[in-house]
Each structure stands twice: as C-alpha cells, then as structure tokens.
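In: this is a predicted model, with the sequence first.
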Amino acid sequence: MTFSLLRRAMLACGALAVLIHSPLSHAADPVKIGLIAPFSGSFADYGKQMEGGIKAWQQIHGDTVAGRKVQILVKDTTGPVPEVAKRLAQELVVRDKVDVLAGFGLTPEALAVAPVAEQAKKPMVIFNAASSVITTKSNYIARVSMTLPQISAPMATWAVRNNVKKVMTLVADYAPGIDAETAFKTNFIGGGGQIVESIRVPLRNPEFAPFIQRIKDARPEAVFLFLPAGEQGVAFMKGFRERGLADAGIRVIATGDLTDDHVLPAMGDATLGVITSFHYSAAHDSKENQAFLKAFAAANPGAGRPNFMAVAAYDGMAAIYEALRKTGGATDGDKFLAALKGMKLQSPRGPITIDPATRDVVQTVYIRKVEKRNGELYNVEFDKFEGVRDSGK
C-alpha cells in the first residue's frame, strides 16, 4: 500500500471513530425513564396504576420513538416519604443515567425531587402529585395530571349554581388538601355560600368517626371532601353510611379522588348520588377513552378498572414520545421542555394542553354523579367546565 492510500485509510478510520462517538450515536441508546412512585404500603395502587397506564400506551404505540428504545426503570418510594423519593431520584440520575424523571403520586415526593431535576437539568413529568406549587420548584417540571385548585374551584361554582348554601369542608392535612380547601372556600364564599366549619385530618391513617359525628351534629346541607384516592375514601363513605348522614339529608360533594374509578366498584351503594368534580371518568364517552380502556385491559390482565393516574401516565408517555419526536430523539433538558411547552394532546379524558407559561395542564373539568350502569357503579358526567387552568398560583 502506498503512503497516500495508507493515509486515506487512516483518515477514513478516524472519521468512523468520530461518527461512532459523536452525539448522534445517542440514537442507538435507550431513552431511560425513571418512574418514581409508591408501589407498596397504603398508596401502592398509585404506582401500579401509573405503570398500568404506561403499559397501555406502549400496547398501542410500542416501545420505540424517534429511533430510540424506551426503557422504564421502576422505583418504589413506599409512600409519602420525601427522603426516599429524593435518594431514588439521585440514584437514577447519577448511577442509572436516566433521561427523564416521571411519576410522583404524592406531593411530598415531587417537592423532594424538584431540586434534583433542577440541578441535573433533567425533565421531570408529573403523573399525579397535585399541589399547585410543584411546577414553580424547577424549570424542568411539567405536569400532565391536574391540580387540586383546578378541580375544586369548579365544584364550588357548581354548588352555588345549584342552591347549595351551607357547607362543611373536610380535607387531608397536607398541601393538596389545603389547596383544595382554599380554592373551594374562595369560590364558594365568593358566590354567596357559607362555610360552617373546616376540618383537616391527618394524611396517614386518619380516624374518621369523630369527624363524621361533628358533621352530623352541625347538619350542613353538604360536606365538601378531598381525601387521597383509595382506602381513605372507602373508610369515610362507610362511616358516612353507618352513622346515618345521608338519611339526615347531608349531601357529599367532593373532588373525584373520593370516588376513584379503581375502588368505586368496591365502595358499594353508599356512593350513589355523590357529586364530584374531576378531569377523568372511566365512563367518559369518546373513541380515545374506549381505545385506552381496551389497551389497559389487554396490557394489565386482572388489574381491574383504570383510574385517573393510569390516564395521566398514559398521557405522560404521549407527551414524552411527542417531545422526543420534536427533538429528534434528543433528551437535553432545555430542548425537551421547550418541546413540551404549548403541547396539545387528545387524551382519553378530552383535549389537554401544557400551558407554556406555567408548564401545567389545561383541561376540561367534569361534574359527575355516581350512578349504576349495567349493574356497576360509575362516575357519570353531566356538566363540565372547559379550558380550566390551575388557579392556585
């Protein structure tokens, strides 16, 4: 081989080496999504519903986008334990080299991880945690679920419009509950209603009996509730029925967490007639929801009915996939967030938008009543407020 040919061969090998190690080579690597949520303890259904929603999305759309495989790394916080959530996020970023942080069933988890996302410049997509303040804690956070002010304010407006004048409030004593209480009271009092009393109960293992008795003794026209989805709603409604509050003419109006789709079939007829405001119902009538329900059942055999966390995870994956398509598969934090801002998606719940200013979701909030359809309990939508933004910031 002549010197000229040898030199050309060496240059070609060098060019190949540069190509292999260039930024373009990320296309061969998987996109790693760290899913941080409770998978054990009293809030275990939160993580399971999120994982089920992810599986439903990939059942329809596959596990590849923009030429890259999508890999989910599941991490269990065991409940509202901020220090565990933060440690898991740090491990995912430093050791596992994740590209996106996602999940967060509870506000304490999300708030603990926000500084990690900010420092590492990692996109952080909220699938549930609903305290209004969360998206202000890092420039790299976007939320596809809801906020408690967003769904509580319409409940107050509906109540005033329908001649409910005297209400007690009972909420879980942590940021989302306080958000729900504040938004409801502001709108209800502003519309001419009267708050008889406001009760806050512990987030963990509350004993409802004394509070239910206080409600019965005060005899309001209705009680407005926010309790985290799952066991607490079942416990409250059981006590409400047994102590005769419904027979005393006291109505229940609440955020949709109370009659969570996943646990509603087990809550029994005590929930019939309960009015809630929420952004999703398994009974929502649309082709997108029918496709979601079918995919969820196929991807999660025996898991039961999906709820709003499953839908948010499904929509979160839709947002992540769309952002990756827009960036050509790149996961740089600033480019990724730019792709999310202003994004419009057609969700199983209806149209949603990521507000470019707040990075929070804009969506329809529905007023629903628990009714029986074909012998099963469902949250049946009968009124709605369109284009609702978070009102808590």
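Out: Here it is on my side, so go on. Numbering: from 1, shown residues only.
In: buried ones in stretch 107-127?
Out: Using 16 or more other Cβ atoms under 10 Å as the test for burial, stretch 107-127 gives 107-114, 116-118, 120, 122-127. Bear in mind the C-beta positions are built from the backbone N, C-alpha and C, glycine included.
In: what ranges does the stretch 251-393 of the chain have for its helices?
Out: Per DSSP state H, counting those that start in this stretch, the stretch 251-393 of the chain carries helices over the ranges 264-267, 287-299, 308-327, 333-340.
In: just send those back as a markdown table, with distance to residue 350, mean neighbour count and mean pLDDT too.
Out: Converted to a markdown table, those look like this (distance: least, Cβ to Cβ, whole Å; neighbours: other Cβ atoms under 10 Å; pLDDT from 0 to 100):
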| stretch | distance to residue 350 | mean neighbour count | mean pLDDT |
| --- | --- | --- | --- |
| helix 264-267 | 20 | 17 | 87 |
| helix 287-299 | 8 | 17 | 98 |
| helix 308-327 | 11 | 24 | 98 |
| helix 333-340 | 19 | 18 | 98 |
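In: so which of these is nearest residue 61?
Out: Shortest distance between residue 61 and these, using Cβ to Cβ, is found for helix 308-327: 6.6 Å.
In: could you pull up the residues touching the residue nearest to residue 187 when sequence neighbours are not counted?
Out: Across the structure, with Cβ to Cβ, 6 or more residues apart in numbering as the measure, the residue nearest residue 187 apart from its sequence neighbours is residue 156 (3.5 Å). Listed by Cβ atoms under 8 Å, 6 or more residues apart in numbering, the contact set of residue 156 reads 183-188, 191, 193, 224.
In: and residue 156, helix, strand or coil?
Out: Per DSSP: H, G, I helix; E, B strand; the rest coil, the secondary structure class of residue 156 is helix.
In: check the gap between it and residue 162 for me.
Out: For residue 156, the distance to residue 162 under the criterion Cβ to Cβ, to the nearest Å works out to 11 Å.
In: now do the contacts for the residue nearest the centre of the chain.
Out: Closest residue to the average C-alpha location of the chain: residue 128 at 2.2 Å, with Cα atoms, centre = their mean. Contacts here follow Cβ under 8 Å, 6+ apart; on that basis residue 128 touches 37, 46, 50, 103-106, 145, 308-309, 312.
In: out of these, which are inside helices?
Out: Of the positions in the contacts of residue 128, 46, 50, 308-309, 312 sit in helices, assigned by DSSP state H.
In: which one of these sits closest to residue 379?
Out: residue 308 (10.1 Å).
In: please tell me how far the residue lying closest to residue 343 once chain neighbours are set aside sits from residue 53.
Out: Residue nearest to residue 343 in three dimensions, not counting chain neighbours: residue 354, with 4.7 Å by Cβ to Cβ, 6+ apart. In this structure, residue 354 lies at 17 Å from residue 53, with Cβ to Cβ as the measure.
In: who has more neighbours, the two?
Out: Neighbours of residue 354 and residue 53, each counted by other Cβ atoms under 10 Å, are more numerous for residue 53; the result is 29 against 23.
In: quick one: residues contacting the more buried one.
Out: Residue 53 makes contact with 127, 296, 306, 309-314, 316-317 under the criterion Cβ under 8 Å, 6+ apart.
In: wait, is it part of a helix?
Out: Yes. Residue state for residue 53 (three-state DSSP) corresponds to a helix.
In: tell me who's in contact with the nearest residue to it once chain neighbours are set aside.
Out: The shortest distance from residue 53 to any residue that is not its chain neighbour, by Cβ to Cβ, 6+ apart, is 3.1 Å, and that residue is residue 313. If a contact means Cβ under 8 Å, 6+ apart, then residue 313 has 49-54, 57, 102-103, 127 as its contacts.
In: same check on residue 97?
Out: In this structure, residue 97 makes contact with residue 32, judged by Cβ under 8 Å, 6+ apart.
In: how close does residue 329 get to residue 320?
Out: Residue 329 sits 12 Å away from residue 320, taking Cβ to Cβ as the criterion.
In: which residues sit in contact with residue 363?
Out: By Cβ under 8 Å, 6+ apart, the contact list for residue 363 reads 146, 150, 279, 347, 349-353, 387-388.
In: got those as CSV, with pLDDT, neighbour count and distance to residue 365 columns?
Out: CSV is the format used below for those (pLDDT from 0 to 100; neighbours: other Cβ atoms under 10 Å; distance: Cβ to Cβ, whole Å):
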residue, pLDDT, neighbour count, distance to residue 365
146, 97, 27, 8
150, 97, 28, 7
279, 98, 26, 6
347, 98, 25, 13
349, 98, 27, 10
350, 98, 19, 10
351, 98, 14, 13
352, 98, 22, 12
353, 98, 16, 14
387, 97, 10, 9
388, 97, 21, 5
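In: nearest to residue 220, of those?
Out: After measuring those against residue 220 - Cβ to Cβ - the closest member comes out as residue 150, at 24.3 Å.
In: closest to residue 258 out of the contacts of residue 128?
Out: Using Cβ to Cβ, residue 308 is the member of the contacts of residue 128 that sits closest to residue 258, with 11.9 Å.
In: quick one: which of the contacts of residue 156 is most hemmed in?
Out: Sorting those by how many neighbours each has (other Cβ under 10 Å) puts residue 184 first, at 33 neighbours.
In: ok, residue 367 touching residue 274?
Out: No. Residue 367 is beyond contact range of residue 274, at 11.5 Å (criterion: Cβ atoms under 8 Å).
In: these two: which is more packed in?
Out: residue 274 (26 against 23).
In: so residue 209 makes contact with residue 238?
Out: No. Taking contact to mean Cβ under 8 Å, the distance of 10.3 Å between residue 209 and residue 238 leaves them out of contact.
In: which one of the two has more residues nearby?
Out: Between residue 209 and residue 238, counting by other Cβ under 10 Å, residue 238 is the more crowded of the two (15 against 12).
In: what distance do you get for that one to residue 216?
Out: In this structure, residue 238 and residue 216 are 15 Å apart, going by Cβ to Cβ.
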